[in-house]
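>>> Just need the structure, nothing else, for what follows:
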Amino acid sequence: YQVKAENRKTIWNTEEVPEGSEFDDTWDPREQPEYQILFKQCVGTEDVFFGMSRKDPSTACCEDMVIKIKLPETKYSDITLDIQDKVLDLRTPKKKLLLHLPYPVDSKNGKAHFLSEEETLKVTLRMSRQFDFINFA
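The predicted structure is shown next:
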């Protein structure tokens, strides 16, 4: 078994580095905010009362992931948010969150709302898992 390196001085291949590690800064003194990961599914009467589809309450049958991040004493204009397929990177002057997501998401079509009265950022992301075509056919 032989591995060819692009450059002889590199100690690992780019495939070995986990996605999102370019955002990780261990020397950053900002604290991590409190957060919740929730799952959301679209159901109708035929699902809830009649059981006509194959949907159940498990996360396998949920279409969206909702991440609620508590950001006290933060203005909307101070929030920097970057979403990748498996990583959420949030930065404010006082807080920093690098979150490796439990499922891959559609990073181009997410929604974020800042609820100022609750001091919470609500990020809704559509999951794009390998076998979703089975559950959502």
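
>>> quick one: buried residues of stretch 101-118?
Buried residues in stretch 101-118, counting neighbours by 16 or more other Cβ atoms under 10 Å, are found at Leu101, Tyr103, Pro104, Val105, Ser107, Gly110, Ala112, Phe114. Placement of C-beta: from N, CA and C, glycine included.

>>> Per-residue pLDDT of the third one, please?
For Pro104, the model assigns a pLDDT of 90.

>>> now it, nearest residue through space, not along the chain?
Asp85 (4.9 Å; Cβ to Cβ, 6 or more residues apart in numbering).

>>> Leu97 versus that neighbour, what's the distance?
Separation of Asp85 from Leu97 (Cβ to Cβ, to the nearest Å) stands at 17 Å.

>>> And these two? Which one has more around it.
Using other Cβ atoms under 10 Å as the criterion, Asp85 and Leu97 rank with Leu97 on top: 20 against 15.

>>> In a helix, that one, correct?
No. In this structure, Leu97 is strand, not part of a helix, as judged by DSSP: H, G, I helix; E, B strand; the rest coil.
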